[in-house]
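Visitor: Using only what follows, build the 3D model:
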Amino acid sequence: MKRVRRSLLVLVALMLLALPVLAACGGGGGEGGGNGGNGDQAAGGGNKITVTAQNIRFDKTEINLKKGQTYTIELVNNDSVQHDLVSEELGLEIGLTDPGKGNSVEFTPQQTGDFEFICTVPGHAATMNGTIHVTE
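Guide: Predicted coordinates for the structure are as follows:
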């Protein structure tokens, strides 16, 4: 009986240790919107929006901004190849970002509407795209 309890205890302990690893590796399979809103409050009172690139996808496919408001938009590259984030219509460009690195820009939208953003690395735009919604 002691042996069964000990085995059960070891099994539970191993499962608890594996939980953080599984949580870090899982998820992200869907067309996530995540927090596509105005993001976190950045230092200085501005808004910060973080978009993560992983598995040739962006974690956000919808970003909501207000015209005339300044944002820090950050691209975090958790992939094994370079990525960028560009919206030509809005004049937004976060340059090529190396694997494991981040890159950010200050951006103030000047027009309202819906604008596409993509990764311009050849072959990536098919799965790395989304819409920036700019409202008054």
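Visitor: after the worst-scoring helix or strand of the chain on mean pLDDT, next one along is what?
Guide: Lowest mean confidence among the helices and strands of the chain (mean pLDDT, DSSP states H and E): strand 40-41, at a mean of 42. Going down the chain from strand 40-41, the next helix or strand is strand 47-54, by DSSP states H and E.
Visitor: which of the residues in that next one are buried?
Guide: Neighbour counts using 16 or more other CB atoms under 10 Å place Asn47, Lys48, Ile49, Thr50, Val51, Thr52, Ala53 of strand 47-54 among the buried residues. All C-beta atoms are positioned from the backbone trio N, CA, C, and that covers glycine.
Visitor: what's the answer for stretch 106-121, then?
Guide: Phe107, Pro109, Phe115, Phe117, Ile118, Cys119, Thr120.
Visitor: same thing with stretch 128-136?
Guide: Result for stretch 128-136 [16+ other CB under 10 Å]: buried residues Met128, Gly130, Thr131, Ile132, His133, Val134.
Visitor: Pick out the most distant pair among the residues you listed.
Guide: Met128 and Val134 (20.3 Å; CB to CB).
Visitor: Could you save the buried residues of strand 47-54 as TSV and add columns showing distance to Val81 and pLDDT?
Guide: Listed next are the buried residues of strand 47-54 as TSV, based on distance: CB to CB, whole Å; pLDDT from 0 to 100:
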residue	distance to Val81	pLDDT
Asn47	29	91
Lys48	25	96
Ile49	22	96
Thr50	19	97
Val51	16	97
Thr52	14	98
Ala53	9	97
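Visitor: which regions of this structure sit below the pLDDT cut-off?
Guide: 1-46 (pLDDT under 70).
Visitor: how close does Glu93 get to Gln111?
Guide: 16 Å (CB to CB, to the nearest Å).
Visitor: ugh, typo on my part, it should be His124
Guide: Where Gln111 is concerned, His124 sits at a distance of 26 Å (CB to CB).
Visitor: and if you look at Met128?
Guide: Taken as CB to CB, the span from Met128 to Gln111 is 23 Å.
Visitor: Repeat that for Thr61.
Guide: 21 Å.
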